[in-house]
Every structure is written in C-alpha cells, then in structure tokens.
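Asks: Structure for the following, please:
(4 chains)
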There are 4 protein chains.
Amino acid sequence: MQLGMIGLGRMGGNIVRRIVKDGHTAIGYERRPKTIDTLVAELGSDGFQGSTDLKDFVSRLETPRVVWVMIPAAVTGQVIDQVAELLEPGDIIIDGGNSRYHDDIARAATLQPKGIHYVDIGTSGGVFGLDRGFCLMIGGEAEPVAHLDPLLKSIAPGVEAAERTPGRTGEPSPAEQGYLHCGPAGAGHFVKMVHNGIEYGAMAAYAEGLNILHKADIGATHDAVASAEETPLEHPEWYRYDIDVTEVTEVWRRGSVVASWLLDLTASELYADPTLESFDGRVSDSGEGRWTLDAAIDTGVPAPVLAAALFARFSSRGEALYADKMLSAMRKAFGGHIELPPK
Amino acid sequence: MQLGMIGLGRMGGNIVRRIVKDGHTAIGYERRPKTIDTLVAELGSDGFQGSTDLKDFVSRLETPRVVWVMIPAAVTGQVIDQVAELLEPGDIIIDGGNSRYHDDIARAATLQPKGIHYVDIGTSGGVFGLDRGFCLMIGGEAEPVAHLDPLLKSIAPGVEAAERTPGRTGEPSPAEQGYLHCGPAGAGHFVKMVHNGIEYGAMAAYAEGLNILHKADIGATHDAVASAEETPLEHPEWYRYDIDVTEVTEVWRRGSVVASWLLDLTASELYADPTLESFDGRVSDSGEGRWTLDAAIDTGVPAPVLAAALFARFSSRGEALYADKMLSAMRKAFGGHIELPPK
Amino acid sequence: MQLGMIGLGRMGGNIVRRIVKDGHTAIGYERRPKTIDTLVAELGSDGFQGSTDLKDFVSRLETPRVVWVMIPAAVTGQVIDQVAELLEPGDIIIDGGNSRYHDDIARAATLQPKGIHYVDIGTSGGVFGLDRGFCLMIGGEAEPVAHLDPLLKSIAPGVEAAERTPGRTGEPSPAEQGYLHCGPAGAGHFVKMVHNGIEYGAMAAYAEGLNILHKADIGATHDAVASAEETPLEHPEWYRYDIDVTEVTEVWRRGSVVASWLLDLTASELYADPTLESFDGRVSDSGEGRWTLDAAIDTGVPAPVLAAALFARFSSRGEALYADKMLSAMRKAFGGHIELPPK
Amino acid sequence: MQLGMIGLGRMGGNIVRRIVKDGHTAIGYERRPKTIDTLVAELGSDGFQGSTDLKDFVSRLETPRVVWVMIPAAVTGQVIDQVAELLEPGDIIIDGGNSRYHDDIARAATLQPKGIHYVDIGTSGGVFGLDRGFCLMIGGEAEPVAHLDPLLKSIAPGVEAAERTPGRTGEPSPAEQGYLHCGPAGAGHFVKMVHNGIEYGAMAAYAEGLNILHKADIGATHDAVASAEETPLEHPEWYRYDIDVTEVTEVWRRGSVVASWLLDLTASELYADPTLESFDGRVSDSGEGRWTLDAAIDTGVPAPVLAAALFARFSSRGEALYADKMLSAMRKAFGGHIELPPK
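Replies: Sure, this is the predicted structure:
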C-alpha cells in the first residue's frame, strides 16, 4: 500500500522507514531536497520517492490518496488547507502531529462537503519509535480508518511488544497490536492528549519521590542552629541516609510495582549523569498537559494530580515568583518576618 | 491580678503592656536589663517590675504564681524545666509560644505529679496585637484556665473588635471576646496550629490569584513565534489587560466576598511597594503549616489546599530543583527535548 | 442621574434600591408586573418606574441611555442583542452579571460600529449588597465608564466600609470607595472571575482546617484493632480533643490573622447549625472558578491551591468515583487487596 | 544456604519457595501446622521443614542464624523481641514486612549491644513475586548484608527481568539483579516507603486520566438546561466521544510513553470488569504513602503530586464530607445558594 508523507523530520521520516521496511511504498514531500535524497539512498527508490513540489507530490499518489501530514502544529492547518485544494473526493488526509482535537473537529467538518476524509492520529513513541514502533490513537470515520489498516499495522509496535493481557486469546485486536480507532474526528488526538496528561503526572510522581531520597541526608548535614524563620528538624536521626538514587532507579526496574518505561529511561539518564548537572531544571510543557486539564475542567472531572504536575512545570520556569513575593510581603506585614537569604 | 512574664520581646512585652494598661500588674524576667528598664520607664514601677535573675523573679510572684513563658520554641522546654523547679503546687505555667502540641501533652503530664498546672496558649495577632489585642487559643485543665480569666480578658481584643454574630445576645462568651478554652493540654496550640495552616492556604489563594492578574497582559507582550518547546498562546486577544494589582486589592476590601485582614495587609504592602521589588520571593514556613499537614495525614483528613500552599513555599526556596532536573532528564530521554534557556 | 435596569431579581432590584435611595432615578424592565409593582410601592414612582415591554422601557430612558442588564448569564447575550437594536449611538449597555470575559470582548467589538458603548461590571456582595454596598469591577472604554461615575459611587460600599490603607490620604480613589475601572472590555469580569477563584481557594482553606479540628478526637474514638487495609493511628494520645468548631470560628474573628468576612459568615452558619446537618456536602461551582483556572493554564501561572479547591468541589459531587474504582482495581491486581466496607 | 522464616503467609511462603527452588534450604515457623504441612509436601522435606514452636525453630537453625520475619507490621515488634531472646551474637534478624523505618533505627540500636545484626528489607512484588521475583530494598550494616547475598540473589528477579540499561556492561550489579543495599538501618524501608509514595502518585495519574476519557461523552448526554447552580458546558460539541477505556489501556501498553507494569495490570482488570462494577471506590492506604509525605514535610521537599494522590484516597472514603458541608454552608451564607440534589 502507498503512503504520502508531508514532513520528513524525525517522526515523519521514521514512519516512512517502518512502512517501507514492511513492504509498503511511500512518496514524501519536503522543502529540503537533501532530506529526500538521504531517505532515497537509505530506502531505495523502489520503496521511497520524494518531491519538493506539493502538486507534483499529489500527482504521484495513487487514488484514493493517503496523505499523512507530520509537521509542527503551528503550520499544520495551512498545509492541510493547501493540500486539500489538490485532492479529490475519497482521498484521505491524516494529521499525525500534536494538533488540538478541537481543530480536528473543525477540519473534518470543513473537508466533509468536499468528500475528503479526515483522520487524526495521536502518535506516541518519541525517538524510540523507529525500533519499538509507534503507539497510534486514531480518530475519524470508520471506513477510511479501515482502509488505512495495513499501514497502521506496520507503523504500530505489534502484539509481541508486550505480554498479552490474561484472558485475551485468538487473533490480537488492533489495540493489542498498538493502534486503536478511538472514535470520530478528534478522538485520536483526545486520547493522545490525555495520554500526555497522565505522562506528566507519572513523571512528577517519580521526580518528587526521588527528590525525597535525594534529601534523605538532611539530618547529617543540617545546621542545628535554626532561626525563627526556619523550622528546625525535629528528628535529625531519621534523615541520615546517603542514598544512591541512580542505583535505586535501577533496582526498581525489576520486580517492583513502579517499573515502567519512564523508569527505564530515568535509570538510563541517571547512569549517564548521576548528579543531573547537565540540566537547569526549566521544564517545558508542550500543550497536551494543559489541554488535558482544560478537558477535566470542562467535564467536571477532578484531576488534582495532573494539575499539580503541570503547575510544577510552570514553577520550574520561575512563573511563581510574583506570587512568592506576595507571600513574603504578607508575612512581613502581619508578623514582621524578614526573608532568609539563600543558603 | 498579677502576671509573671518570662521573655520581654515583641510578643511578651506587648502582652505585659496590655494587662498593665488594663489595671493588672506584671513582673518580668529578662536577661537584658535594658529591656526591663525601658518597660519600667514606659509603664511605671507600680505596674511593672523586672528581674534578670530567675529565682528573684519567682520570689516576687504572689501565689498561686502565674508564669507566662514567651520565648523561642527551641528554648521553651528547658526554661520551663528550670522554672518548674522553683514553683510550688497550685502554681500555673503558661507556654504562650509556638510549641508543638505534642510537647504540651508531655509537659503537662510531667508537671502534674508536682501539682503544677500547665496551660498552653496559642497567640495570634503579630505586630498589631498591642493595639488590636491578641486572639488566644487555650489548652489545659478547667480550673487554672478559669483562674486566668481576668488576664485573658485584658489580653484579648474584646467583643467590640467585630460585629456580633447574628443570634448571639446577652453577655458575650469568651470566644466572642477573643479567647477560648479549647480543651485539655495541647488543645490551645493544636487550634493555633490549624489556624496557621488555614492562614497558609488563604495566603496562597490570594497570591495565586494576584499572579494571574499580574500576567493578564501576556497576550500583548507574548512573542508570537513559539518554539516546539513552548506552548503557543491560542488566544492572545484574551490576555491584553494591564491590571493595577494594587488598586484591585484595594477595591476588594469593600463589599467583596474576599475581604479580610490579610487582604487589608496585602493592599497596604502593595501601596508601599507596588512592584514588590523589596522581596526575593523566598518564603519561610515556621512549623505550624507542616504540623497541620502531619495532623491531617494522621487523622485521614484530605487537605490538598493546605498541602499545596505549604509545598509552594518549599518550592519558592529552590527545593524542587532536583525534581525539576529529573523531569528535564526524562523529557530528553524519551523525546530528545532540550531545555529552553531563561527568557 | 437615571439608570435603566433589565432584570429586577435580587441583584438588579437591590442595585435599583441603592441608587434611588441615594437620589438617582431608575426605570426597570421585567416580565413580571408584580415585581415592578412591589418596587414602585417601596421606592415611590418618583424614584422608580417599570415596564413589561422592552420598547416602552427604552423609550422612557434619557439619552445617552444607560441600560444595565442583570439577568442569568445564559440569556444575557440574546437580551443584549435585542436591546442594542433599540439603542442609539452614544448609549451605554452594562452587563452586570456573571458573563465570561471572552464574551465581553466579542460583544464590545460587535457594538462598537454602532456607536454603542459596552461596559462589563463584575459585582460582588451577594445577599448583603443592599446594606453593605456592592464591590464593582469595571471593564470598558474610559469615557462611558467616567459618565457612569455618579451611579457607581452610589452602588459601591463607600470609603467608610473599611479603614483606609496606611499612607492613603486626601480624596479617596474610586477603588477606596469600592469600585474600580480595571481596563478595556472584559477587564471587569476578568477581575471578578479571579476574585471568585481566590474565594474558592480561601473557602477550601477554612473548610480543610475545620475538618482537621472536627477529626481531632479520632484517638479517643478510633478502633484500636486496625486491619491490614487501614493504617493504624500511631499516636492516639495526640488526637483526643473534642473541639467546639463553632466557638473556634468565633474566637478567630477577633485579633487573628485569618479574620475575614468569609469567617464571619462561617461562624454565623455554625452558630445556627453546629452539626451542619442541613447540608449534604454537594458543592456547586458557578463557572468563575473554572475560568480562573483556564486563565492560569493559558498564561502559564501556577495555581495549585485554586485548582485543588475546584477539584474538591467536583469530588464532593461524586465525580471522582470512576477514578477511585480504578485505584481499587489496581490495588486488587498487584496486591490482592480487597476494599474495606464503609464504617 | 539456610534461611529461617517466621510467617509463612503469601509473602513469606513465596520467598521460601523461591530460595528452595534455587537450591537453598529453609526452616519455617508458623502457628498453623497445616500451612507447614502444605509447604513440606510442595517443596520436600530436604528443602523445607517447619515448626510451630519458636524455640524449636531457632534450635534447628545453623549459626550464624538468619531469621526473616514476615508478619503484619502490628505484631512485628513483639515477635522480634521474642526471637532476639533466643539468638546469639552474630545472628541476623531480617524485618521483611512493611515496618516504618523509624522502628528499624530503634530496633537496630536495641539489638546492637547484644551483637545481633538487624537488617530491614523492603519487599515489592505483591502476588506476582513468586514468578517474577521480589524487588528488595535493604538497610543495615555492610557485613551481615553481604552475608545474605546468596539468598537475596535467589529471591530477587535477576538481571534478565529487564533489558540492561545502556552503558551498563560486565557483571551485573546487585541493583541490576533486583536487590540493593541502600544504607544503614532503616534505609531499606525508607526506599520502599518512597517507592509506595511514587506508586500512589502514578496510580492516581492513570486514574484521573482514565476518568477524563470516561467522561468524554458528557456533551452528548448533558442536559442543556443548566441551572444557576451548575456551570453549563460551553462546547458540548467537544465532548461527544464514547471511548472504550479498556481498549485504550491496552493500546498504551505498546510503544507509548506511559507503558508500565501498573498499566498492564489496569488493562487486565478492565478486560475482566470493563465497568468496574465490582468496586465501590473506597480506596485504602496502607501507611507508606502517609509516611512518604511525612518525610517530604520533614525534609522540606515539595511533593504536591504525592499529596494529592494520598488525599484523593482519603476523600474516596468520605473523609471530605464535613469540609464539603462547610463549603455549602458558606455558599448559602453569602449568596443564598442552595445545594443541588444528586442527579
């Protein structure tokens, strides 16, 4: 089966690699000829061809055309508009990037009168997707999604990527192979969005816990003469552990309840940089965590853990400073308290 | 009635001032003669006398002696031990400082066999207590607390400090006058502890809200070219307000639901320093907020707001840094994300 | 000065009462004649007249007309559209309800080409506003807001409603009188929205703290035989207080740091119903708390306390149930844990 | 090597099974003869023998004796005292249960003068430990821990239980095999405690996210006529997804960032009971989550996610009810708001 891919960056390129290696063919669109040449050299021109011209790209696609758009969210909308002008009824446009699902709902409605099918695919897997396969969360109408099945199967990790869930037997369902049609337009990005919200929460759980281990020596290092502006440590004898956080993340990888892929990665990073000195601790957030909370608020679902995780990222970038100054101002006002200098 | 006061600092001194001005007398113990002399000059030697010698101090007290200890929590225990050696059955020791209520329970049990009564008094009012009176939360046996009533009435703000609660008529209860016997040993400091826990939560509510007002101009100042590491602002047109936070705190003081003494103080601080440039935003916590959470955890009471308020103070002092670096390490591992530099 | 008021419910009626009593006049629009008659009887027909017909209502207004719309947010939009059809350039429409500020921005833009001024006023004061005055947060262009000044001054509480902030002297600013022009269209509702967000946080701080006091007797009542599914209380001797929460809220009203109008109200409610038996604990939220969080998320401001307060309301209405069942399912899966029955 | 095991319940029995199958021998102590007989029948009397008498049990152990205590935390202390009476200098007592690390510190100090070594081992693995092996976190002196190495290696999962972390080569470290000497007395239970704290946070992240998916159909089912006590859904068109949560957990198991053992278990539970109808949603907590927060508070480490996760469990058991009633009381007081009935 043939796939048209717009955007041959890390994600788009690796998806092309996976399908071509699995016997499909791909046509790519990219403005940088060098990117195309590299991929042709790697995959062979039987499997992959590229174009730097959008019309030319579209003309090479077999009908019904399948066009996967894999570019930054900021420009996805306008590129979809451009390509839609060149397509015909029955063709399929896939947004595989990190669009907000609101946009999917709007785009699908816009394209429907033209007979063009819109499919949104939330794609997880990051830099490891080429080898491990990509977890695909899909939104759109049933028919075009079914049409894409051979491609999705090749991109997804496959059933052998995890032990089968007890009780599941026979032909593995798509979900067991790593791809799932979640519902109508937007459902794919909706599920991917919540996925990332959970990711933020789980990451924060590890980070907070490891910070407690990191500070477990405070009873040995603590200055006993506490000032009135600082709470003295009541039981220094309880906090005299010099814990090797790197080794702890390693030991938890085997047999513990918190074993996970995130923990595998954390153990790997700590092994390479045990003091984390290569990081400043300014943690970005890329939208999905915020949108997950917006959805929780809209639907009245309590999400205190996901919220705390998001806000910790904001704080890591200094966004609490004004509020903190306000607190110090109040403390000065009612108690005459003076801020302590940094240690 | 006569009061013996150990510690003539800001709090102890002001309590002495309030009772002497209300017709009682006081004997003070202080190591610094100058502090004593100043207070004698101010209140007259009929109302106040001091001593730099603990034995001499105790010998001047009428029986049953009333000894109020008002010194830093770190040294309260040993001073109570010393003075208890000099007291007789029927005497009363008051801990008016910020001791943990656990210690009250232990001290009361230790002093009981000697016939010495132990009373713990949580004292709120800060630097304004001299004029406004101190809110007193009291723990101990009924009899000694009743004996102290004339003194407590003089120290407390009095019923006129607030409008009477609808339905309350007749002789104002002690609570309406600003002092309350909360229960047996430790109950006073327990209630004061929770008071401070609530204070942390309420302060944080104001600080977070005012921070949102402060950032309400982000749509006007925001750099439109967002990177992949930063969520673009979807609706810059919604955030183009240049709000005068000082004036907002002022307007809320009259007629709004969030009017409070804390807000009065906040408005005052902002009027004096509208940009809060005299603060670094390193917010101390003095124990009660932590102990309140310990109590919530022990008793199984959900306290997410009080916890978030406490943890924001920890973060304001840089204590989240290791966790934040850990998050950046994970993001690099699974997505190849690089930290953004500070703006 | 004359005010036209659409909606003579609790809020609209009381605003009319305040301005008429202060020497202004008002024309009211209401579909229920009885409501009009009652108000005419109370205020006299020199001060107040009403109409059940929108055209008639508008025809009675002096130009430039001032039309204050004070009706449920759900119908505000369409009523503003209707009345705008009847107005002329230079007239002023005020939305005094709880609209989202997004809508203000849109409405102001729609009305501007017609020369009609749009002013949004966030109004705080609740059922006490008639006597205490209403705190007014105002958004819109400078000129029409200035034109409204005489009316706003009459509706607001006035400077004497609170002690003046130290340092503020001379003619009291509008903010000191209880009304504030916060910025262009939407700024009034934006500031009111954040006000309510803070209100949620402060309310939760009190509620959590009082819950801890309420449970402070758990050491006396606790069943000592703990099961493996329940954490035993390590120090029952620390939780044997039978605290009178009603009296605690009363004592905190005088001289304490947490004194506030919310606390006054809490003390009043507890005095009337000490066990809170008239409540089920299903806590509504009316939009502003959610929108405050949306704004925090959009602007990247950490608001963990406000978020926790909002989510606690969702949970109070049973919205965490599915998540809780999921946790029990996980615990059963990895540890064979069985849920404990309700006590 | 020989192990003495006190307590042959699920955990103790499975540890015995693992070591005997790996060529070691074990002596068990249990009050129920039937439990012993079953294990003898299963493992053969060459590998395992049992006793219902503590003295007899101790007499059968080779010196230096290794006694692993694996019984409920509530009785661990007194059993350790009893067995310590029967041991000799050089013997080793292991507490493999869920004791608080404070107790380890105290017990080690008590046993040291007798020359008895105390080792605390936090054990993770739950009902799957027999097959997967147990993750062991160990505290104590270096020498006795080294002595136990052959046993620990047999109990732990082994290096093949997870892919080796990139860069780690040569002989796998103990951590890579699933057991780690974390530090002096208490360090094992300290690390296990934080492990469980993280577990609570990660579990809550999944549960909250899945709840959002569960409610994603609210726009299709929502009653459009909203009351003033309920926020209307602004965009019902965004929430019309009927998402199959079971299939979502399945698809995330392969290739996604949130893949984990907890997710495997969640997918398994949902497959067996897709509506979770077998659960009431009353979530227990067994101590470690609370203690983790106590440690965070003591050491000044922000842990908002772990706290939110713990408090959600308290709320699931109805412990927020009093606070919720208080909020409803306040809302009634300032706004005349009436609680909505349950839907």
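
Asks: right, and the helix or strand after the strand ranked longest in chain A?
Replies: Longest strand in chain A, counting residues (DSSP state E): strand A:117-124. On the C-terminal side of strand A:117-124, the nearest following helix or strand under DSSP states H and E is helix A:129-132.

Asks: For that following helix, what is the distance to the chain centroid?
Replies: Counting by CA atoms, centre = their mean, to the nearest Å, helix A:129-132 is centred 14 Å from the centre of its parent chain.

Asks: So which elements touch it?
Replies: Judged by 3 or more CB pairs under 8 Å, 6 or more residues apart in numbering or on different chains; DSSP states H and E, the packing partners of helix A:129-132 are helix A:10-21. All C-beta spots, glycine's among them, are computed from the backbone N, C-alpha and C.

Asks: Pull out the buried positions in the helix it packs on.
Replies: Within helix A:10-21, the residues that count as buried by 16 or more other CB atoms under 10 Å in any protein chain shown are A:Met11, A:Gly12, A:Gly13, A:Asn14, A:Ile15, A:Val16, A:Arg17, A:Arg18, A:Ile19, A:Val20.

Asks: Contact residues of chain A facing chain C?
Replies: A:257, A:290, A:293-294, A:297-298, A:300-304, A:307-308, A:310-312, A:314-315, A:317, A:319-320, A:323, A:334 (CB under 8 Å from any CB of the partner chain).

Asks: now the buried residues of helix A:10-21 in CSV, with pLDDT?
Replies: CSV is the format used below for the buried residues of helix A:10-21 (pLDDT from 0 to 100):
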residue, pLDDT
A:Met11, 93
A:Gly12, 96
A:Gly13, 96
A:Asn14, 96
A:Ile15, 97
A:Val16, 98
A:Arg17, 97
A:Arg18, 97
A:Ile19, 98
A:Val20, 98
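
Asks: Need these in JSON lines (columns: distance to chain B).
Replies: What follows is the buried residues of helix A:10-21, written out as JSON lines (distance: CB to the nearest CB, whole Å):
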{"residue": "A:Met11", "distance to chain B": "10"}
{"residue": "A:Gly12", "distance to chain B": "14"}
{"residue": "A:Gly13", "distance to chain B": "13"}
{"residue": "A:Asn14", "distance to chain B": "12"}
{"residue": "A:Ile15", "distance to chain B": "16"}
{"residue": "A:Val16", "distance to chain B": "18"}
{"residue": "A:Arg17", "distance to chain B": "17"}
{"residue": "A:Arg18", "distance to chain B": "18"}
{"residue": "A:Ile19", "distance to chain B": "22"}
{"residue": "A:Val20", "distance to chain B": "23"}
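
Asks: from the residues you listed, which are also near chain D?
Replies: Among these, chain D is touched by none when using CB under 8 Å from any CB.

Asks: which of the residues you listed lies closest to B:Thr246?
Replies: A:Met11 (48.1 Å; CB to CB).

Asks: The closest one and C:Val67: what is the separation?
Replies: Distance from A:Met11 to C:Val67, counting by CB to CB, to the nearest Å: 55 Å.

Asks: do A:Asp324 as well
Replies: Distance from A:Asp324 to C:Val67, by CB to CB: 44 Å.

Asks: Please tell me the pLDDT value assigned to A:Ile338.
Replies: Confidence at A:Ile338, expressed as pLDDT, is 88.

Asks: B:Ser278 is in contact with that one, correct?
Replies: No: if you go by CB atoms under 8 Å, A:Ile338 and B:Ser278 don't touch, sitting 10.5 Å apart.

Asks: Now do the strands in the stretch 1-150 of chain A.
Replies: Ranges of strands in the stretch 1-150 of chain A, per DSSP state E, counting those that start in this stretch, are A:2-6, A:25-29, A:48-51, A:66-69, A:92-95, A:117-124, A:135-139.

Asks: would a markdown table of these with distance to C:Gly139 be doable?
Replies: Shown next, in a markdown table, are the strands of the stretch 1-150 of chain A (distance: least, CB to CB, whole Å):
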| stretch | distance to C:Gly139 |
| --- | --- |
| strand A:2-6 | 44 |
| strand A:25-29 | 47 |
| strand A:48-51 | 52 |
| strand A:66-69 | 40 |
| strand A:92-95 | 37 |
| strand A:117-124 | 37 |
| strand A:135-139 | 38 |
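
Asks: re the thing from before, could you identify the most distant pair in the buried residues of helix A:10-21?
Replies: A:Met11 and A:Val20 (15.1 Å).

Asks: do stretch A:154-164 and chain B meet?
Replies: No: on the criterion CB under 8 Å from any CB, stretch A:154-164 is out of touch with chain B, staying 14.7 Å away.
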